[in-house]
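Novice: Below are the sequence and a predicted model; questions follow.
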Amino acid sequence: MGQERGRTTRRRLIGAAVDCLAERGWHAATMLEIAERAGVSRGAAQHHFPTREALVVAAVEQLAEEQIAELRRRSAELPTGRARTLPVAEMVLDLYTDVKFRAALDLWVAASHDPALAAVLAPLQARVGKEAHRVVVELLGADESRPGVREAVQATLDLARGLGLANLLTDDGRRRAQIARQWARMLETAV
């Protein structure tokens, strides 16, 4: 029972950290704020996560797992063959428009000014990026041994992040849909 309670507390802390990062940003996401949101004491929070950076790593890992799981869940509903390219492009581009992307973005900006946070976040983001790339290759049925395919998949992820930035201040859905259609045509040729 104690181990289960510990796992439950960790999940609550990670969930509270994700919410706090998304709503208030890195600088407001203190251990005290996160602990209060999770309904635990600061001491209990620090028992599970000795530093805010450790909690953020767990939160980013959780965000990444949720995004990959969402892609996989939605991929089961997609058509096969070339008809799959547009829905995959739309899924990937939409992935970077939600509150989870906003939380990750705030961390990237904070890490660009905070060497300690960057040291923790950079290797994690590299691992998450590789996994996202691998999943998009899988969803597209792409053969990365062909010249240009790896770059086309990476460009898809880079484009998605850029469009996610454009969506931060205003709803950019209509323009993103047009770009997704054009990008899907280009991907069909490239992959």
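Specialist: Received it, and whenever you're ready, just let me know what you need. As the structure is a computational prediction, the values presented were derived from the model and not from experiment.

Novice: Return the set of buried residues in the helix or strand that contains residue 7.
Specialist: Using DSSP states H and E, residue 7 falls within helix 2-24. By neighbour count with 16 or more other Cβ atoms under 10 Å, helix 2-24 contains the buried residues 9-10, 12-14, 16-22. For glycine as for every other residue, the C-beta is placed from the backbone atoms N, C-alpha and C.

Novice: Give me the next element, helix or strand, following that helix.
Specialist: helix 31-38.

Novice: which helices and strands does that next one pack with?
Specialist: In terms of contacts (3 or more Cβ pairs under 8 Å, 6 or more residues apart in numbering; DSSP states H and E), helix 31-38 is packed against helix 2-24, helix 42-48, helix 52-75.

Novice: same thing but at 7 Å, please
Specialist: helix 2-24, helix 42-48 (3 or more Cβ pairs under 7 Å, 6 or more residues apart in numbering; DSSP states H and E).

Novice: Just the element for residue 125, please.
Specialist: helix 115-140.

Novice: what's that helix packed up against?
Specialist: Against helix 115-140 (3+ Cβ pairs under 7 Å, 6+ apart) you get helix 52-75, helix 85-95, helix 99-111, helix 149-166.

Novice: Counting neighbours, show which residues of the last one come out buried.
Specialist: By 16+ other Cβ under 10 Å, the buried positions in helix 149-166 come out as 149-150, 152-153, 156-157, 159-161, 163-164.

Novice: from the residues you listed, which is closest to residue 136?
Specialist: residue 153 (5.2 Å; Cβ to Cβ).

Novice: pLDDT value on that closest one, please?
Specialist: The model reports residue 153 with a pLDDT of 95.

Novice: That one contacts residue 135, correct?
Specialist: No - between residue 153 and residue 135 there is no contact under Cβ atoms under 7 Å: 9.9 Å.

Novice: so residue 77, which of the three states?
Specialist: coil (DSSP: H, G, I helix; E, B strand; the rest coil).

Novice: residues contacting residue 93?
Specialist: 160, 163, 176, 180 (Cβ atoms under 7 Å, 6 or more residues apart in numbering).

Novice: Would you mind measuring from the last one to residue 95?
Specialist: Per Cβ to Cβ, to the nearest Å, residue 180 is found 12 Å from residue 95.
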